[in-house]
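Engineer: Got a sequence here, can you model it:
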Amino acid sequence: MAEVVIVPDAAAAGEIAAHEIEKLVRRKPDAVLGLATGSTPLTTWAALAARHLDLTGVRGFALDEYVGLPVGHPESYRAVIDREVVGPLGLTPSLVHVPADSGRIETAGDDYEVAIDAAGGIDLQVLGIGRTGHVGFNEPGSSFASLTRVKTLAQQTRIDNARFFDSLEAVPTHCVTQGLGTILRARRLVLLAFGEAKAGIVADALEGPLTASVPASVIQLHPRVMVIVDDAAASGLANAEYYRYAWANRLEWEKD
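Structural biologist: Next up is the predicted model:
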């Protein structure tokens, strides 16, 4: 089962996630990170930047990218990753990849899978979870074996992301996203979720049945998952008391 960590707020979650990344990078300076976008991982990137690590050798692969935005659009995930991750963390821009970098949308998925494999696979994948249960842009119904591919965004996802655009109509209808099968191949997963609005879907993903209707439930199949949630997002968890107890009673070697 996943290691579930319940914390007071997003800042505390960011510190724990940053600690996990720091441990990896100190052991493997050219580690491969899977990079999530959106507001959820911002406290993780801020906490990691505050540690002033040398991350110039770290390689990165974004989870997803919109289809149809012009080059340089401020809400393209290339721009977001550069602005919120590459710059603040001091990553080497040429080592950070985004789906559709090749410019050939028809082969973008296959190209990305080849690039991930050539890098040796992803060591630690940072994830958020959407209200539809999506991780990356794998909407309900996505195959657990799916690889990087073009997907149609759910209308709820477009509505949720409209806050970043001038209007709902400006939000793209398609994306290129790592598949659930791609995500499962990462050696470690760290999923973060904050706020009461995520409580129901977090409970479904962690404690509900394994189902393509809740794509994030795929993490139940992974042997090394850390889920970090604030009190509000944890409010629907039936086993919250046990998760708190297990975290408080970690063995000493588990704390390093």
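
Engineer: Can you show me the helices along the stretch 51-200 of the chain?
Structural biologist: Secondary structure of the stretch 51-200 of the chain (DSSP state H, counting those that start in this stretch): helices at 77-81, 87-89, 108-118, 155-161, 180-184, 199-207.

Engineer: helices or strands up against the third one?
Structural biologist: To tie it back to what came earlier, the one meant is helix 108-118. Using 3 or more C-beta pairs under 8 Å, 6 or more residues apart in numbering; DSSP states H and E as the contact test, the elements touching helix 108-118 are strand 59-62, strand 149-152, strand 174-177. For glycine as for every other residue, the C-beta is placed from the backbone atoms N, C-alpha and C.

Engineer: Low-confidence bits of the chain, can you list those?
Structural biologist: Residues of the chain that meet the criterion pLDDT under 70 lie in 102.

Engineer: Now do the strands in it.
Structural biologist: With DSSP state E applied, the chain shows strands at 3-7, 32-35, 59-62, 64-66, 96-97, 124-127, 149-152, 174-177, 189-193, 225-230, listed in chain order.

Engineer: okay if I get the ones you listed as TSV plus mean neighbour count and distance to Tyr243?
Structural biologist: Formatted as TSV, the entries for the strands of the chain read as follows, by neighbours: other C-beta atoms under 10 Å; distance: least, C-beta to C-beta, whole Å:
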stretch	mean neighbour count	distance to Tyr243
strand 3-7	20	4
strand 32-35	24	24
strand 59-62	24	29
strand 64-66	23	29
strand 96-97	21	33
strand 124-127	24	18
strand 149-152	19	32
strand 174-177	24	29
strand 189-193	26	13
strand 225-230	23	9
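
Engineer: closest to Ala212 out of those strands?
Structural biologist: Of all the strands of the chain, strand 149-152 sits nearest to Ala212, with 13.3 Å by C-beta to C-beta.

Engineer: Can you mark which positions in the top helix by length along the chain are buried?
Structural biologist: If each helix of the chain is counted by residues according to DSSP state H, the longest one is helix 10-27. Neighbour-count burial for helix 10-27, with 16 or more other C-beta atoms under 10 Å as criterion, is recorded at 10, 12-21, 24-25.

Engineer: Can you show me the CA trace of that helix as CSV?
Structural biologist: Output in CSV follows, covering the C-alpha atoms of helix 10-27 (Å, rounded to 0.1, in the frame of the first residue of the first chain):
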residue,chain,number,x,y,z
ALA,A,10,0.8,22.5,1.7
ALA,A,11,4.0,24.1,2.9
ALA,A,12,4.7,21.1,5.2
ALA,A,13,4.0,18.8,2.3
GLY,A,14,6.5,20.6,0.1
GLU,A,15,9.2,20.2,2.7
ILE,A,16,8.7,16.4,2.9
ALA,A,17,8.6,16.0,-0.9
ALA,A,18,11.7,18.2,-1.3
HIS,A,19,13.5,16.1,1.3
GLU,A,20,12.7,12.9,-0.8
ILE,A,21,14.1,14.6,-3.9
GLU,A,22,17.1,15.8,-2.1
LYS,A,23,17.9,12.3,-0.8
LEU,A,24,17.7,11.0,-4.4
VAL,A,25,19.9,13.7,-5.9
ARG,A,26,22.6,13.4,-3.2
ARG,A,27,22.8,9.7,-4.1
